[in-house]
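Novice: The sequence and its predicted three-dimensional model are supplied below.
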Amino acid sequence: MYLNKRVGVVVPAFNASAHIASVICGMPEIVDVIAFVNDGSTDDTWERASAVRREGLVLLRHAKRRGVGAAMESGYRECLRRDCELIAVMAGDGQMCPDDLESLLAPVASGEVDYAKGNRFLRPDCISEMPLGRRAGNVALSLLSKPVTGYWHVFDSQCGYTVISRHMLAEILKDGIYHGYGVPNDLLTRLGLSGARVKDIPVKAVYRDGHSRMNMRLVPFTISALLLRLWL
């Protein structure tokens, strides 16, 4: 628990066998529920996660790949069922530092905001840690997201390291969420329509394999199309 509030962490994973065990084992002790969601992995991600013995670990599985947003939604709903009051998202690929979790929890737990999201650009080591292509894509999509979401003070819109309050999560899940890579943009837009208070928190950029897995030839165009639809 954190400040007497029950903490849940959603861990969406697709072919993350190299890192999933360390991600789960590295969860801070303040985490009460870990909702691991295997999104149709074709490697041994499920087997490696299932072998971990960790109190509060819940194993969920999609028979076929449905998308990171769909995996998040499954995990979100599980955390709500288990009475979590603060719900975070930490990807199964090890690109989110567990040491940053408490900083994200703090403003939501105190009631300052409804949604705290990571911003890797607020850290001085971002330039050296984030691959150039990923950095350029994130800057462009972050600028495009501002007029769509209405959050002009928010940057690094593609960062999925977030914490949301139970009340706000229940509100935005009424109609479900986008199932693809653009889910952070979809969530920010829904939060803006709900009048949610959002705050950027500095988080570390982590790329354990030395490169980004995002397909920069495809994903930016997909998300740009989503942003146009959300703006309309």
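Specialist: That came through, no problem. Predicted, not measured: the structure shown is a model, and the values here were computed from it. Numbering: from 1, shown residues only.
Novice: Which strands or helices does the helix or strand hosting Ala136 pack on?
Specialist: When elements are assigned from DSSP states H and E, Ala136 belongs to helix 132-149. Helix 132-149 sits against helix 183-193, helix 219-231, with contacts defined as 3 or more Cβ pairs under 8 Å, 6 or more residues apart in numbering; DSSP states H and E. Every residue, glycine included, has its C-beta placed from N, CA and C.
Novice: can you pull the buried residues of the shortest one?
Specialist: The reference is to helix 183-193. Buried residues in helix 183-193, defined by neighbour count with 16 or more other Cβ atoms under 10 Å: Val183, Pro184, Asn185, Asp186, Leu187, Leu188, Thr189, Arg190, Leu191, Gly192.
Novice: would JSON lines of those residues with pLDDT and distance to Leu226 be doable?
Specialist: Listed next are the buried residues of helix 183-193 as JSON lines, based on pLDDT from 0 to 100; distance: Cβ to Cβ, whole Å:
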{"residue": "Val183", "pLDDT": "93", "distance to Leu226": "9"}
{"residue": "Pro184", "pLDDT": "93", "distance to Leu226": "10"}
{"residue": "Asn185", "pLDDT": "91", "distance to Leu226": "6"}
{"residue": "Asp186", "pLDDT": "93", "distance to Leu226": "7"}
{"residue": "Leu187", "pLDDT": "96", "distance to Leu226": "12"}
{"residue": "Leu188", "pLDDT": "95", "distance to Leu226": "11"}
{"residue": "Thr189", "pLDDT": "93", "distance to Leu226": "9"}
{"residue": "Arg190", "pLDDT": "94", "distance to Leu226": "13"}
{"residue": "Leu191", "pLDDT": "97", "distance to Leu226": "15"}
{"residue": "Gly192", "pLDDT": "94", "distance to Leu226": "15"}
